[in-house]
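# After the sequence you'll find the predicted model.
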Amino acid sequence: MTATLYTTSNTGAAWETRGAHVPNYQLRRTVAAVIVTLIVLLAAIASVTAVGALTGLGGRPAAASETLPASASSAVSSSIHVAESGDSLWSIADFYRGDIGRDRYIDALISLNGGTAIQAGQAVHLP
């Protein structure tokens, strides 16, 4: 009995058909990267929305009916105080500011009157 040995070559038809089924790793990596990017973006959007809802920053849009027209806002800010001897913007702010923060009211006074210096008899514009 004689045995016959067959040699195999890498160029045979079986090798060529096997090459057609080799997965495309680059395509898989690209698809995986796109999916991961989408997941990260969705998580970021969800976290920003959640933080906005928790802190109240989301709010609602302003309605036009809630704002004053330009003519009404200028009429409101036309109040004037005539400065007396010893007055300062800080003492005027304490007298007129109501429940508005002192620093915020003083900043508005400085903006309306062009600085911090006032003299007796000067008309001080009030916010």
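Yep, that arrived.

# Can you classify H81 by secondary structure?
strand (DSSP: H, G, I helix; E, B strand; the rest coil).

# Report the separation between it and L42.
From H81 over to L42 the distance is 56 Å, taken as Cβ to Cβ, to the nearest Å. For every residue, glycine as well, the C-beta is placed using N, CA and C.

# who has more neighbours, the two?
H81 (16 against 10; other Cβ atoms under 10 Å).

# which element is the residue lying closest to that one once chain neighbours are set aside on?
Excluding its sequence neighbours, the residue lying closest to H81 (Cβ to Cβ, 6 or more residues apart in numbering) is V124, at 4.6 Å. In this structure, V124 is located in strand 123-125 according to DSSP states H and E.

# Now do the buried residues in that strand.
124-125 (16 or more other Cβ atoms under 10 Å).

# For that strand, what does the pLDDT average out to?
What strand 123-125 shows for mean pLDDT is 90.
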